[in-house]
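# need a structure here:
(chains A, B, C and D)
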2 protein chains.
Amino acid sequence: MALFLSTHINKIDKKGRVSVPAPFRAELSEESFKGIVLFRSNIHQCLEGFAWSYMQEIGKRLDNFDLFSSEQDDLATSIFGTAVQLSMDGDGRIILPADLIEFCTLDDRVSFVGMGAKFQIWNPESFEQRREIARQAVQSKGLTIPKATGGKND
Amino acid sequence: MALFLSTHINKIDKKGRVSVPAPFRAELSEESFKGIVLFRSNIHQCLEGFAWSYMQEIGKRLDNFDLFSSEQDDLATSIFGTAVQLSMDGDGRIILPADLIEFCTLDDRVSFVGMGAKFQIWNPESFEQRREIARQAVQSKGLTIPKATGGKND
DNA sequence: TCTTAACCCATGTTATTCCATATATATCCA
DNA sequence: TGGATATATATGGAATAACATGGGTTAAGA
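Model (predicted):
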């Protein structure tokens, strides 16, 4: 499984292109589709990015719902219907669609934030505030990572 | 299996032709029949679109009902009875039959909405409302993607 | 004959590919 | 250790290809 780490800030050129950070590209190199899948976060004013195989996994799980059930329909609409698949050029760049740039009010620079299996794309200034809020939440609530459960992924 | 992603808005020309989005065409390229199957949604004012091979999957699932049961009969009628098989021209366009255009009150533009294994065809304005309703349903009902269950697809 | 669908080609726009360069990091040799 | 040389990365721009769309022409069917 891909593991995205650290925060990288890159520039958007006037054609809307951004370099995907090289360490992220390395994580994606084993994928059959060498590109990323983005969609709007429901919580923050940012984008969530995944590897293609992760979307296939979600697709399989959605198959566990009855076809045409309202649950399946709602989830598929809000997940697959709003996702965008972006391929990379030979230099590891993607083109951010205008509506997504607008959604997270990006200017000329973006932060790629590693979140483990996924990553987020932020306006660098917005992310600095978000980082501080997250840090305080972890501290005040005493949040910790749950222990391994011996599940299927071990 | 084909995986349809994202929402693409295309135009209907005065001859009734619409381009199937190129990424969708790519997903269909491995099919023996390079075209799509459409039928009326039972839930929404939209069309359900599938690759030919997935119609066979639907047939299999219908077998889980008792043959001659009223449920089986109703579903088979509304799905297979109304389905139309549309082939694409050399430029990847289909011609939407007039009764289907009327059913989802399409004007001059259509939204192709990726839903994973299937896709939907909407009037773009109607779909924007539908998208928002789906988003709220996912949030308010707390819908999540189920964990893999070790079913037949693993 | 008239209508409709299939086929072919043209065009503007957008995305992709290719190449060039600057900067930073890593490597190597003295 | 220090300096010179490679390598990787990010970024900019130009050439090329793909795509959606429009129109015309032919073939088929009622």
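# Low-confidence bits of chain A, can you list those?
Applying pLDDT under 70 to chain A picks out residues A:150-154.
# Walking through it, point out its helices one by one.
A:22-28, A:52-62, A:70-79, A:98-103, A:124-141 (DSSP state H).
# if I pick the spatially most central residue of chain A, what's in contact with it?
Nearest to the geometric centre of chain A sits residue A:49, at 1.8 Å (CA atoms, centre = their mean). Residues in contact with residue A:49 (CB atoms under 8 Å, 6 or more residues apart in numbering or on different chains) are A:4, A:36, A:37, A:38, A:112, A:118, A:119, A:120, A:121. Glycine gets a C-beta too; all of them are placed from N, C-alpha and C.
# number of nearby residues for the second one?
By other CB atoms under 10 Å in any protein chain shown, the residues close to residue A:36 number 27.
# Quick check: it touching residue A:50?
Yes. At 6.8 Å, residue A:36 and residue A:50 qualify as touching, with contact defined as CB atoms under 8 Å.
# for residue A:137, what are its contacts?
residue A:143.
# For it, give its distance to residue A:48.
Separation of residue A:137 from residue A:48 (CB to CB, to the nearest Å) stands at 19 Å.
# what do you get for residue A:112?
Distance from residue A:112 to residue A:48, counting by CB to CB: 12 Å.
# Now for the two: what residues contact both?
By CB under 8 Å, 6+ apart, the residues touching both residue A:112 and residue A:48 are A:119, A:120, A:121.
# With neighbour count and distance to chain B added, can I get these in CSV?
Converted to CSV, these look like this (neighbours: other CB atoms under 10 Å in any protein chain shown; distance: CB to the nearest CB, whole Å):
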residue, neighbour count, distance to chain B
A:119, 28, 18
A:120, 21, 18
A:121, 25, 16
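# Of the residues you listed, which belong to strands?
Members of the shared contacts of residue A:112 and residue A:48 lying in strands (criterion: DSSP state E): A:119, A:120, A:121.
# near chain B, which residues of chain A?
Proximity of chain A to chain B (CB under 8 Å from any CB of the partner chain) is limited to residues A:37, A:42, A:55-65, A:67-68, A:70-71, A:73-85, A:152.
# again, only this time at 6 Å
Counting by CB under 6 Å from any CB of the partner chain, the residues of chain A close to chain B are A:58-64, A:71, A:74-78, A:80-81, A:83-85.
# could you flag which of those are buried?
Neighbour-count burial (16 or more other CB atoms under 10 Å in any protein chain shown) applied to those gives A:58-63, A:71, A:74-78, A:80-81, A:83-85.
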